[in-house]
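> Predicted model follows, preceded by the sequence.
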Amino acid sequence: MGMGSMGSPGGSRRRGARRAMRHRPVAEINVTPLVDVMLVLLIIFMVSAPMMTVGVPLDLPETTAKPLSSQTEPLTLSIKKDGSIHLQDQPVEFDALVQTLLGVAQNGYDERIFVRGDRDVDYGSIMKVMGAMNRAGFKKIGLVSTEELQ
């Protein structure tokens, strides 16, 4: 009476619970697509980072000196062929150069400044800019060149 064809009133529930245990969804996260995307992004940033350093195009002189290794990004001062001066990628007048450097320099007079001068710029123009920075108190001034091909 009341047993039906299953043999017991709760028999169908137990069988259903066992079947559900066997066919549960997998609770693991597949990290392979995440790793693939991260590696592609890493490669993109490694290739594009050197191109984003300074936006002023110059024809730098070549040298056999080894590149400097550094912990922080220095300020970059570029002197173009026509004599115009750019701090990072913003144009700066010579008369306002020292005040602009003081406003931008996070480390004050200890800020490292790299001077990039076009190959065809007058040597006196580069020395005039470097002399003004030195007189203002900046002592960590370096010249930038490209590696000489042999």
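Structure's in. What do you need?

> only C-alpha atoms for contact and neighbour calcs from this point on.
Noted.

> Give the helix, strand or coil label for the most centrally placed residue in the chain.
Taking C-alpha atoms, centre = their mean, the centroid of the chain lies closest to Ala49, which sits 4.9 Å from it. At Ala49, secondary structure determined by DSSP: H, G, I helix; E, B strand; the rest coil is helix.

> how many neighbours does Phe138 have?
The tally of other residues near Phe138 (other C-alpha atoms under 10 Å) stands at 21.

> Equivalent analysis for Thr100, please.
14.

> Roughly how far does it sit from Ile113?
13 Å (C-alpha to C-alpha, to the nearest Å).

> cool, Gly103 as well?
Going from Gly103 to Ile113 by C-alpha to C-alpha gives 14 Å.

> Look at those two and report which has more neighbours.
Neighbours of Gly103 and Ile113, each counted by other C-alpha under 10 Å, are more numerous for Ile113; the result is 23 against 10.

> where does the protein have its least confident helix or strand?
The helix or strand of the chain with the lowest confidence, counting by mean pLDDT, DSSP states H and E, is helix 11-22 at a mean of 58.

> Surely Leu143 is within a strand?
Yes: judged by three-state DSSP, Leu143 forms part of a strand.

> quick one, what contacts it?
Leu143 makes contact with 114-117, according to C-alpha atoms under 8 Å, 6 or more residues apart in numbering.

> And it, what's its pLDDT?
Reported pLDDT at Leu143 in the predicted model: 83.

> Can you name the residues bridging to it?
Val115 (DSSP bridges).

> measure it to Arg24 for me?
For Leu143 relative to Arg24 (C-alpha to C-alpha), the value is 66 Å.

> those strands in the chain, which residues are they?
62-63, 75-79, 85-87, 90-92, 113-117, 141-144, 146-147 (DSSP state E).
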